[in-house]
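K.L.:
make a model of this:
(one chain, ligands or ions: 1)
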Amino acid sequence: MDNKSNPWRKDFPILDQKVNDEDLVYLDNAATTQKPQAVIDAISDFYSNDNANVHRGVHTLAERSTEEFEAAREKIQKFINAESSEEIIYTKGTTDSLNIVARSYGQSNIEAGDEIVISYLEHHSNLVPWQQLAIQKHATLKYIDLTDDGFVDLKDAKKQITDKTKIVSIAHVSNVMGVENPVKEIAKIAHQHGAIMVVDGAQSVPHMPVDVQDLDCDFLAFSGHKMLGPTGIGVLYGKKDLLNAMPPVDFGGEMINFVHLQDTSWTDLPWKFEAGTPNIAGAIVLGKAIDYLNEIGMDKIQSYESELVDYVLPKILAIPDVTVYGPSDPKKHTSVISFNLNGLHPHDLATGLDMEGVAVRAGHHCAQPLMTYLGLSATARASFYLYNTKEDADKLVDAIIATKEFFKDGTI
Ligand code: PMP
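P.N.:
Below you'll find the predicted structure:
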């Protein structure tokens, strides 16, 4: 499919521009996605027509903004098939969501000698909060090994998760290896040992149907800005019984039932975890982003992206001197593709691609333990979304080849 035949691309005004005199090819979607006009307009609509603080006022604007704010929560609930909207907590993003679980569930359930199990491919936001909790509580942080093609290894998961394990937390889709991990199976193993299962959904929820009841995860974290929504808004899904039993982590307005001079009782879910004025516009506009995704259908988005991967992955693999991380079988690879051009620093590679108008990311991708595991300091990463096309894929491949040529005499 070329750019003109992609039915969604025209909805994203930012894509229609030149970078370094070339048409922009935006392939940094794992970092953040672009926004459709409907989402951009919704921000302006909210502030132009409905802006008021939520939950507090009886005036019409306050009622309107509260209604929209809570309606967006219900959209999110349905989007991930949660049982109740009380299980949907608004947060700042995936990082914030995971920190809440570590600070609330972790602080009250982890004791010295307990185990927290993650994997070698975790993003720092699904690693550092558990590491710090483990240090504080004298618990052990354990790592599940990866398979040869970069998946979290189920066989090793069975070894690492024991009766001492209290928390297992794994990325559904890796932001480096491009793999979809068997989180449903890992959740089963965790539960057999009485542990809870946390899923980092930052790279899965935007790209495929995710059903929390089917996965049977206890918590799921994701970010609005990676799924066409604004920055500064994200979601923590948690099973109601667990959330009810957990203490709040932030204190202040909105999250109280009654404040006495010497103590305070908490309000109900989900507001118990939402102290202070929330990101009202962010939540409502995330709801609009979900409307946009739903109109297309998550199944369709997933199959569209997998068609793109079928097309582009073999072409990247065929470029001499290129190494791709993660599976080389496109059927096993999601639309996050990390690679290196041998002999060239990934930052030089990304700069070379930018000269051709192609935006990719280079670095450790907030996964330094994974880089160490792979024996690398960094990679380049191209990540696709629904508005990308085979035309974009061809430009990426051509730009890699052009960059290779450009640096030929120097570094390669
Ligand atoms: N986990 C994964 C797998 C990610 O890719 C990211 C974002 N790169 C995060 C967590 C953190 O998301 P945020 O920065 O939106 O909190």
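K.L.:
my guess is residue 27 contacts residue 384. True?
P.N.:
Yes: using C-beta atoms under 8 Å, residue 27 is in contact with residue 384, at 6.4 Å. Where C-beta positions appear, they are placed from N, C-alpha and C, glycine not excepted.
K.L.:
of those two, who's got more company?
P.N.:
Each of residue 27 and residue 384 has its neighbours counted (other C-beta atoms under 10 Å); residue 27 has more, 27 against 24.
K.L.:
and the gap between the more buried one and residue 397?
P.N.:
For residue 27, the distance to residue 397 equals 11 Å [C-beta to C-beta, to the nearest Å].
K.L.:
check residue 284 too.
P.N.:
For residue 284, the distance to residue 397 - C-beta to C-beta - is 40 Å.
K.L.:
what about those two, which has more around it?
P.N.:
residue 284 (27 against 19).
K.L.:
now name the helix or strand holding the more buried one.
P.N.:
According to DSSP states H and E, residue 284 maps onto helix 280-296.
K.L.:
and the closest residue in space to residue 149 that isn't next to it in sequence, what does it touch?
P.N.:
Nearest residue to residue 149, sequence neighbours excluded (C-beta to C-beta, 6 or more residues apart in numbering): residue 327, at 4.1 Å. For residue 327, the contact set (C-beta atoms under 8 Å, 6 or more residues apart in numbering) comprises 149, 150, 151, 178, 179, 333.
K.L.:
those residues also near the ligand: which ones?
P.N.:
Taking C-beta under 6 Å from any ligand atom, there is no overlap between the contacts of residue 327 and the neighbourhood of the ligand.
K.L.:
out of those, who's nearest residue 110?
P.N.:
Nearest to residue 110 out of the contacts of residue 327 is residue 151 (C-beta to C-beta; 27.0 Å).
K.L.:
roughly how far does that closest one sit from residue 186?
P.N.:
11 Å.
K.L.:
more neighbours, the two?
P.N.:
residue 186 (25 against 19).
K.L.:
so the more buried one sits in a strand?
P.N.:
No: going by DSSP: H, G, I helix; E, B strand; the rest coil, the assignment for residue 186 is helix, not a strand.
K.L.:
ok, it to residue 105 distance?
P.N.:
For residue 186 relative to residue 105 (C-beta to C-beta), the value is 18 Å.
K.L.:
then residue 56?
P.N.:
29 Å.
K.L.:
ok, those two, which is more surrounded?
P.N.:
A direct count of neighbours by other C-beta under 10 Å for residue 56 and residue 105 places residue 105 higher, at 24 against 12.
K.L.:
helix, strand, or coil at that one?
P.N.:
State at residue 105, reduced to three classes by three-state DSSP: helix.
K.L.:
tell me how many other residues crowd the nearest residue to it once chain neighbours are set aside.
P.N.:
Closest residue to residue 105 apart from its sequence neighbours, by C-beta to C-beta, 6+ apart: residue 246 at 5.4 Å. Residues lying near residue 246 (other C-beta under 10 Å) number 21.
K.L.:
same question for residue 275.
P.N.:
16.
K.L.:
touching, it and residue 250? I think so.
P.N.:
Yes: with contact defined as C-beta under 8 Å, residue 275 counts as touching residue 250 (3.9 Å).
K.L.:
and the residue of the chain most remote from its centre, what pLDDT?
P.N.:
Taking C-alpha atoms, centre = their mean, the residue of the chain most remote from its mean C-alpha position is residue 261, at 40.9 Å. Looking at residue 261, its pLDDT stands at 97.
K.L.:
buried residues, the helix or strand that contains residue 98. List them.
P.N.:
According to DSSP H and E, residue 98 maps onto helix 94-101. Going by neighbour count (16 or more other C-beta atoms under 10 Å), the buried part of helix 94-101 is 94, 95, 96, 97, 98, 99, 100, 101.
K.L.:
which element follows that helix toward the C-terminus?
P.N.:
helix 107-109.
K.L.:
chain center to the next helix or strand after that next one: distance?
P.N.:
As assigned by DSSP H and E, the chain's next helix or strand after helix 107-109 is strand 115-119. Mean-position distance between strand 115-119 and its chain equals 19 Å (C-alpha atoms, centre = their mean, to the nearest Å).
K.L.:
cool, and stretch 66-74?
P.N.:
With C-alpha atoms, centre = their mean, you get 22 Å for stretch 66-74.
K.L.:
number the residues from 18 up from this point.
P.N.:
New numbering, starting at 18: the last item is stretch 83-91.
K.L.:
avg pLDDT for it?
P.N.:
The model assigns stretch 83-91 a mean pLDDT of 98.
K.L.:
with stretch 106-125 instead?
P.N.:
98.
K.L.:
read off the pLDDT value for the most centrally placed residue in the chain.
P.N.:
When the chain is reduced to its mean C-alpha position, the nearest residue by C-alpha atoms, centre = their mean turns out to be residue 219, at 1.1 Å. pLDDT recorded at residue 219 is 98.
K.L.:
contacting residues for it?
P.N.:
By C-beta under 8 Å, 6+ apart, residue 219 lies in contact with 111, 140, 142, 188, 192, 238, 239, 240, 243.
K.L.:
for the second one, give me its contacts.
P.N.:
Which is residue 140. 111, 188, 192, 217, 219, 382, 383, 384.
K.L.:
now, which of those residues lie within helices?
P.N.:
residue 111 (DSSP state H).
K.L.:
select only the buried ones of the contacts of residue 140 in PyMOL?
P.N.:
Burial among those is assessed by 16+ other C-beta under 10 Å; the matching PyMOL selection reads:
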select buried, resi 111+188+192+217+219+382+383+384
